[in-house]
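> Fold the following, please.
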Amino acid sequence: MRDERMIRRTFIIAVIVALLGISAARAQDASYGKEQAAKACIHNRLAELVEQDNRNVTADAVLTACANDLKAEMKEKRKTDCEVNDYIGWLIKSENSKIYGVAVHPYKADKEFLARCQNSAK
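Numbering: from 1, shown residues only. This is a model prediction of the structure:
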């Protein structure tokens, strides 16, 4: 009887944790209204650049323009330039990983980049 309760509790806790994880992922996906359009644009442009064997993504004006609306939305939500650049950089890296079939990791702020960026902005 006691073992059954323990198993049931463990199962219920596991289900709750899973549901909270799904909710958090959905909340992150929905946090910016312009994000899906930016992802699609970035993905398509990276695919074009790969097809052209052009690896110079930092100088690509079309790729930069893909994120303009998202950048503006993030600035409206009071994100710093450093935070915006960190997130857009991750977004580009994420879409590039998808093209090459590499595992995509959820966004996690790059604290070292943010610290360097904020120090250089002073």
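
> for the chain, what spans make up the helices?
For the chain, applying DSSP state H gives helices covering 2-29, 35-51, 61-66, 68-76, 81-99, 111-121.

> and D86, what does it touch?
109-110, 113-114, 117 (C-beta atoms under 8 Å, 6 or more residues apart in numbering). The way it works is simple: take the backbone N, C-alpha and C, and place the C-beta from them, glycine included.

> Are any of the residues you listed buried, and if so which?
110, 117 (16 or more other C-beta atoms under 10 Å).

> quick one, domains of the chain?
1-30, 33-121 (automatic domain parsing).

> Reformat the ones you listed as a markdown table; add mean pLDDT.
Output for the domains of the chain, formatted as a markdown table (pLDDT from 0 to 100):
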| stretch | mean pLDDT |
| --- | --- |
| domain 1-30 | 52 |
| domain 33-121 | 91 |
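
> which of these sits most buried?
domain 33-121 (a mean of 14; mean count of other C-beta atoms under 10 Å).

> Could you pull up the contacting residues of the nearest residue to E73 once chain neighbours are set aside?
Closest residue to E73 apart from its sequence neighbours, by C-beta to C-beta, 6 or more residues apart in numbering: K34 at 4.8 Å. Neighbour list for K34: 69-70, 72-73 [criterion: C-beta under 8 Å, 6+ apart].
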